[in-house]
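K.L.:
Sequence and predicted structure, then a few things I'm wondering about:
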Amino acid sequence: MEDIQIIELYFARKESAIAETDTKYGRYCLTVANNILHNAEDSEECKNDTYMKTWSVIPPKKPDNFRAFLGKIARNLALDMYEKLHRKKRDINSTEAILDELAECIPDPNSDVEKISEDGELRDVINAFLGTLSEDNRKIFVRRYWYAGSVEDIAADYSFGKSKVKMSLSRTREKLKEYLESEGIAL
């Protein structure tokens with residue numbers, strides 16, 4: 001079924017919208033959540049919560065890119081669950097390591113980043129930055145920081161060495177930091 005038809009089912013408040021969403025995007029939502037949580041049961045819960053959240057926001061929202069819309073919801077729910085699960089026990093794992101890596105180049109949360117983020121300016125600046133990268137560097141960066149992929153998985157999927165992936169990520173983070181500063185987004 002095409003995305004527009006699935007969205008029409010949501011607008012018609014037909015429960016079959018959820019079944020169709022699961023058929024077409026269930027594995028995708030599960031993968032997004034599992035890359036962050038590394039737990040099948042928690043990832044399944046996030047996938048189901050993604051469908052509930054989608055049901056509650058469509059209508060009135062009508063996403064242009066349904067797959068990206070679902071991925072964003074699944075990712076945010078997984079990050080929230082991760083934080084809740086690890087609030088008391090702060091063991092270092094891959095998700096926390098990813099967040100630590102980005103801490104060196106993203107704006108200080110105490111700055112005006114919330115207003116920038118709400119206005120969509122930060123998103124637009126990061127999208128523009130991604131447009132300046134080579135295809136390989138963009139793929140590596142998005143796989144690591146959006147999909148929370150491990151260095152090993154990224155290297156294997158793109159037939160790169162782990163050192164190439166690590167170096168690409170390091171250089172891209174530095175470029176992002178410089179780009180954000182040049183755009184007037186304080187760190």
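P.N.:
Okay, I see it. Owing to the predicted nature of the structure, the values given are computational and were not obtained by experimental measurement.
K.L.:
C-alpha from now on. contacts and neighbour counts both.
P.N.:
Will do.
K.L.:
Which strands or helices does the helix or strand hosting residue 43 pack on?
P.N.:
Assessed by DSSP states H and E, residue 43 sits inside helix 40-57. Using 3 or more C-alpha pairs under 8 Å, 6 or more residues apart in numbering; DSSP states H and E, the elements in contact with helix 40-57 are helix 16-37, helix 66-86.
K.L.:
Would you single out the least confident of those helices?
P.N.:
Lowest mean pLDDT within these: helix 66-86, a mean of 92.
K.L.:
could you give the angle of that one to helix 40-57?
P.N.:
For helix 66-86 and helix 40-57, the angle between their directions (axes from the mean of the first three to the mean of the last three C-alpha atoms, to 10 degrees) works out to 130 degrees.
K.L.:
got the contact list for helix 66-86?
P.N.:
Residues outside helix 66-86 that contact it (C-alpha atoms under 8 Å, 6 or more residues apart in numbering) are 3, 25, 28-30, 32-33, 36-37, 43, 46-47, 49-50, 53-54, 63, 147.
K.L.:
tell me how far that helix is from the chain's mean position?
P.N.:
Between the centre of helix 66-86 and the centre of its host chain there is 7 Å, according to C-alpha atoms, centre = their mean, to the nearest Å.
K.L.:
Send me it as CSV with only the CA atoms.
P.N.:
The C-alpha atoms that make up helix 66-86 are tabulated as CSV, following Å, rounded to 0.1, in the frame of the first residue of the first chain:
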residue,chain,number,x,y,z
PHE,A,66,5.9,9.1,6.1
ARG,A,67,9.0,6.9,6.5
ALA,A,68,11.0,9.7,7.9
PHE,A,69,8.1,10.8,10.1
LEU,A,70,7.9,7.3,11.6
GLY,A,71,11.7,7.1,12.0
LYS,A,72,11.8,10.3,13.9
ILE,A,73,9.0,9.2,16.3
ALA,A,74,10.6,5.8,16.8
ARG,A,75,14.0,7.4,17.4
ASN,A,76,12.7,10.0,19.9
LEU,A,77,10.8,7.4,21.8
ALA,A,78,13.8,5.1,22.0
LEU,A,79,16.0,7.9,23.2
ASP,A,80,13.4,8.8,25.9
MET,A,81,13.3,5.1,26.9
TYR,A,82,17.0,4.9,26.9
GLU,A,83,17.3,7.9,29.2
LYS,A,84,14.6,6.5,31.5
LEU,A,85,16.3,3.1,31.7
HIS,A,86,19.7,4.5,32.4
